[in-house]
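Visitor: for reference, the sequence and a predicted model appear below.
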Number of protein chains: 2
Amino acid sequence: MCAAVSDSVPDSRPRRDLRSPVVAVVGATGAVGREMIECLHRRKFPLRSLRLLASGRSAGQVLKYGDQPVVIEALGPDTIDGIDIALFSAGGSVSKQYAPLMAERGTIVVDNSSAFRMHDDVPLVVPEINSQAIAQHRGIIANPNCVAILSITPLWPIHQRNPIRRLILSTYQAASGAGAAAMEELRESTRAYLAGERYEPKVLPHPYAFNVFSHNARVDPTTGYNDEEAKVMQEARKIFGDATMRITATCVRVPVLRAHCVSVNFECEERITPEEVRSIVASAPGVRLVDDAQNNYYPMPNDASGRDELLVGRIRQDVSDPSNRSISMFIAGDQLLKGAALNAVQIAEKLVG
Amino acid sequence: MCAAVSDSVPDSRPRRDLRSPVVAVVGATGAVGREMIECLHRRKFPLRSLRLLASGRSAGQVLKYGDQPVVIEALGPDTIDGIDIALFSAGGSVSKQYAPLMAERGTIVVDNSSAFRMHDDVPLVVPEINSQAIAQHRGIIANPNCVAILSITPLWPIHQRNPIRRLILSTYQAASGAGAAAMEELRESTRAYLAGERYEPKVLPHPYAFNVFSHNARVDPTTGYNDEEAKVMQEARKIFGDATMRITATCVRVPVLRAHCVSVNFECEERITPEEVRSIVASAPGVRLVDDAQNNYYPMPNDASGRDELLVGRIRQDVSDPSNRSISMFIAGDQLLKGAALNAVQIAEKLVG
């Protein structure tokens, strides 16, 4: 752990005026980076200026912030000064190198990688759940794993009334979580399949066209869980502030472009009914109830794509728990928005608000 | 319930010699019907002759049994005589009308629809699990729901050693379960999506290209479960002969052509380890262990398509159960083969064997 964010060192970072900050997006050309720029603009984030940082390869390219062209700068020791808030989405190794460096110089980093999420002195934040944790930051705030955000945001208001004791998740994850190149691979390999042509996967380890596969993260040979599942399980507990919550996850990629789904079974401390859950979900922040049995209309990635809200439905008693303490439900949410860019921008909004 | 299969009426159906039977495929032009013909041929079913029955629309068309052309006959009161074994896959209403009629005339019907599955005097059979139930038939034997077959075939040898008390399933179901037209709709809507063209769904209720949706079966407004889920839950209990097994299922369609996947969490009566499960699965009939953590190689619909065996992997302790009685795993299986046609042909093989 770097000195800049360690508890043992007094917090001597320079203080900035955050009312009208200079904001940087680090990893501006990636799938999440582009959505961060879009979210900042669409939500009228009160920034003084926007800087876009990326690898040397992209330097000099121009992206639009609304109508305004912004030239991409190469991320390097010379381009990281004068930034008040930096939204990072450039992968774990870039975050590990630059986030502590920038935090030391007084920048508040909102980091979308998993590099710092489980560090004790780094808040891991879903604004609808634990925005109060933001105040404890020491220069870095972590943006959680997309499946963790999507799964637990609708569960939080339930957990507050009737603590969730066990959570069983099976995911239907889109290409976007593996980046823009994976989205392109899904499109291109599907096009090839339909044309009867061969396609050699380059980004993902398995053929993606009309296929489903276990998440491409490394698998721990001892536990059998992959790193994506481990993140979801650990991060959910940290965000809920409940180290005892029992969780298991099965993370699976499906041939969908940018919205994830999660099949959720959860068990509460006390009895709970679908009606209670429906009424809590209907008024939960950031969540939209989509639960129309008559028309068989439920959360779908198609509807969740490009939407800020998470869609929640198929709420029913889990009949495999005769104590009536368990509920099954289904969630869909845009992986690039609430699963990544939007949540990071919401954290930044709390910093300036 | 029809008299021909009722317990109250003595079984006066004519007896046939089944050593070299006349076999009919009813619904020969459907996705499952075609696979039935293919399975009969590939497995060298000892039939005397094959008859193909379908709706009047298809009568006169010719399908191949190996190299041999077979002319399709219109299903009707005049074409149902002289058949020893009939494999039905023509939908519930055709089964309800013709299966009892044919059973009365001495045909043994193996019915792929859900029409008779839960009838007390109709055996519901997965040959790897309960082939002994076949002997109790009174003219009709039911072929189970595809998800039920895929989920419980690998679980049966586990259940025999350490009874499964709770089963939580989330499915990733292919288009084929909704028939050949749904498969074509998936291809065509995806082609349109990639070309930037509009596509109006005709077969399924929701857009299918790069989308996921809750199973299209009717939803019970009281329980919130759809009919597919209800079938899986009821049929699994009947086939296992265990009315007390607690099951829940979430059935979901994914944009895959012909193989289903199931994410399974099951809880046993006693402690169980992933190693035990792996060793049981490795020698289970009809099942292939695909559980390679190092290469992140697990069951995929791509690999399961066109294969008789079910693929089972991702076997790991379900860490949300601290009593170590629960296991998570992932299954892939060809919906048209073991999920339908192959299982029906296996039942027919038991009849002649």
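Guide: Nice, thanks for sending it over.

Visitor: what's the local residue count around the residue in the stretch 101-250 of chain A that chain B sits nearest to?
Guide: Nearest to chain B, among the residues of the stretch 101-250 of chain A, is A:Gly224, at 2.9 Å (CB to the nearest CB). Every C-beta, even on glycine, is put in place using the N, C-alpha and C of the backbone. Applying other CB atoms under 10 Å in any protein chain shown, we find 21 residues neighbouring A:Gly224.

Visitor: which strand residues bridge the spatially closest residue to it that is not a sequence neighbour?
Guide: Using CB to CB, 6 or more residues apart in numbering or on different chains and skipping residues adjacent in sequence, the residue nearest A:Gly224 is B:Arg316, 2.9 Å away. Going by DSSP bridges, B:Arg316 is paired in beta bridges with B:Ser328.

Visitor: number of nearby residues for B:Arg316?
Guide: Using other CB under 10 Å, B:Arg316 is surrounded by 26 other residues.

Visitor: if I look at it, how far off is B:Ile331?
Guide: As judged by CB to CB, to the nearest Å, B:Arg316 and B:Ile331 stand 14 Å apart.

Visitor: same deal with A:Gly139?
Guide: Taking CB to CB, one finds A:Gly139 at 46 Å from B:Ile331.

Visitor: who's more crowded, those two?
Guide: Between A:Gly139 and B:Ile331, counting by other CB under 10 Å, B:Ile331 is the more crowded of the two (29 against 23).

Visitor: show me what the nearest residue to A:Pro301 once chain neighbours are set aside is bridged to.
Guide: Distances taken as CB to CB, 6+ apart place A:Ala259 nearest to A:Pro301, at 3.5 Å, with adjacent residues excluded. Beta-bridge partners recorded for A:Ala259 (DSSP bridges): A:Asp334.

Visitor: would you check that A:Ala259 makes contact with A:Ala304?
Guide: Yes - contact status for A:Ala259 versus A:Ala304: in contact at 4.0 Å, counting by CB atoms under 8 Å.

Visitor: which neighbours do the two have in common?
Guide: A:Ala332, A:Gly333, A:Asp334 (CB atoms under 8 Å, 6 or more residues apart in numbering or on different chains).

Visitor: and A:Leu124, how many neighbours?
Guide: The burial count for A:Leu124: 22, using other CB under 10 Å.

Visitor: mind listing the helices for chain A?
Guide: A:31-42, A:92-104, A:127-130, A:146-152, A:156-161, A:180-194, A:227-240, A:274-282, A:301-304, A:342-352 (DSSP state H).

Visitor: any chance of the ones you listed in JSON lines, plus mean neighbour count and mean pLDDT?
Guide: Shown next, in JSON lines, are these (neighbours: other CB atoms under 10 Å in any protein chain shown; pLDDT from 0 to 100):
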{"stretch": "helix A:31-42", "mean neighbour count": "23", "mean pLDDT": "98"}
{"stretch": "helix A:92-104", "mean neighbour count": "19", "mean pLDDT": "97"}
{"stretch": "helix A:127-130", "mean neighbour count": "20", "mean pLDDT": "98"}
{"stretch": "helix A:146-152", "mean neighbour count": "29", "mean pLDDT": "98"}
{"stretch": "helix A:156-161", "mean neighbour count": "17", "mean pLDDT": "98"}
{"stretch": "helix A:180-194", "mean neighbour count": "19", "mean pLDDT": "98"}
{"stretch": "helix A:227-240", "mean neighbour count": "23", "mean pLDDT": "98"}
{"stretch": "helix A:274-282", "mean neighbour count": "17", "mean pLDDT": "98"}
{"stretch": "helix A:301-304", "mean neighbour count": "24", "mean pLDDT": "98"}
{"stretch": "helix A:342-352", "mean neighbour count": "22", "mean pLDDT": "98"}
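
Visitor: can I get those helices in TSV including distance to A:Ser55?
Guide: Listed next are the helices of chain A as TSV, based on distance: least, CB to CB, whole Å:
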stretch	distance to A:Ser55
helix A:31-42	11
helix A:92-104	8
helix A:127-130	29
helix A:146-152	23
helix A:156-161	36
helix A:180-194	14
helix A:227-240	24
helix A:274-282	41
helix A:301-304	30
helix A:342-352	19
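
Visitor: nearest to A:Phe266, out of these?
Guide: Taking CB to CB, helix A:156-161 is the member of the helices of chain A nearest to A:Phe266, at 7.7 Å.

Visitor: other SSEs contacting that closest one?
Guide: helix A:274-282 (3 or more CB pairs under 8 Å, 6 or more residues apart in numbering or on different chains; DSSP states H and E).

Visitor: ok, residues contacting the helix it packs on?
Guide: Residues from elsewhere that reach helix A:274-282 (CB under 8 Å, 6+ apart): A:154, A:157-158, A:161-162, A:287, A:289, A:291, A:312, A:315-317, A:327, A:329, B:224.

Visitor: in chain A, where is pLDDT below threshold?
Guide: Scanning chain A for pLDDT under 70 picks out A:1-15.

Visitor: could you list the domains of it?
Guide: A:3-116, A:149-335 (automatic domain parsing).

Visitor: any chance of those in JSON lines, with distance to B:Val109 too?
Guide: Output for those, formatted as JSON lines (distance: least, CB to CB, whole Å):
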{"stretch": "domain A:3-116", "distance to B:Val109": "53"}
{"stretch": "domain A:149-335", "distance to B:Val109": "31"}
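
Visitor: of those, flag the one that's most buried.
Guide: Using mean count of other CB atoms under 10 Å in any protein chain shown, the stretch among the domains of chain A with the largest mean neighbour count is domain A:149-335, at a mean of 21.

Visitor: now the end-to-end length of that one.
Guide: From its first residue to its last, domain A:149-335 covers 9 Å (CA to CA, to the nearest Å).

Visitor: what does the stretch 51-200 of chain A have sitting close to chain B?
Guide: Contact residues, the stretch 51-200 of chain A versus chain B (CB under 8 Å from any CB of the partner chain): A:Arg166, A:Leu167, A:Ile168, A:Ser170, A:Tyr172, A:Leu186, A:Arg187, A:Thr190, A:Arg191, A:Leu194.

Visitor: just confirm the second one contacts A:Val264, I think it does.
Guide: Yes - using CB under 8 Å, A:Leu167 is in contact with A:Val264, at 7.1 Å.

Visitor: shared neighbours, these two?
Guide: In contact with both A:Leu167 and A:Val264: A:Ser151, A:Leu155, using CB under 8 Å, 6+ apart.

Visitor: CA atoms of stretch A:290-305 as PDB?
Guide: Presented in PDB, the C-alpha positions along stretch A:290-305 are these (Å, rounded to 0.1, in the frame of the first residue of the first chain):
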ATOM      1  CA  VAL A 290     -40.400  -3.800 -14.200                       C
ATOM      2  CA  ASP A 291     -42.600  -6.700 -13.000                       C
ATOM      3  CA  ASP A 292     -45.500  -7.300 -15.300                       C
ATOM      4  CA  ALA A 293     -46.600 -10.900 -15.000                       C
ATOM      5  CA  GLN A 294     -49.600 -10.500 -17.300                       C
ATOM      6  CA  ASN A 295     -47.600  -9.300 -20.200                       C
ATOM      7  CA  ASN A 296     -44.500 -11.400 -19.300                       C
ATOM      8  CA  TYR A 297     -42.600  -8.100 -19.300                       C
ATOM      9  CA  TYR A 298     -39.500  -8.200 -17.100                       C
ATOM     10  CA  PRO A 299     -36.000  -6.700 -17.000                       C
ATOM     11  CA  MET A 300     -34.100  -7.200 -20.200                       C
ATOM     12  CA  PRO A 301     -30.600  -5.900 -21.300                       C
ATOM     13  CA  ASN A 302     -32.200  -4.400 -24.400                       C
ATOM     14  CA  ASP A 303     -34.300  -2.100 -22.200                       C
ATOM     15  CA  ALA A 304     -31.500  -1.500 -19.600                       C
ATOM     16  CA  SER A 305     -29.000  -0.400 -22.300                       C
END
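
Visitor: what are the boundaries of the strands in the stretch 51-200 of chain A?
Guide: Listed in chain order, the strands of the stretch 51-200 of chain A (DSSP state E, counting those that start in this stretch) span A:62-65, A:68-74, A:85-88, A:108-111, A:140-142, A:164-172.

Visitor: so which of those gets nearest B:Lys44?
Guide: Among the strands of the stretch 51-200 of chain A, strand A:164-172 comes nearest to B:Lys44, with 39.4 Å by CB to CB.
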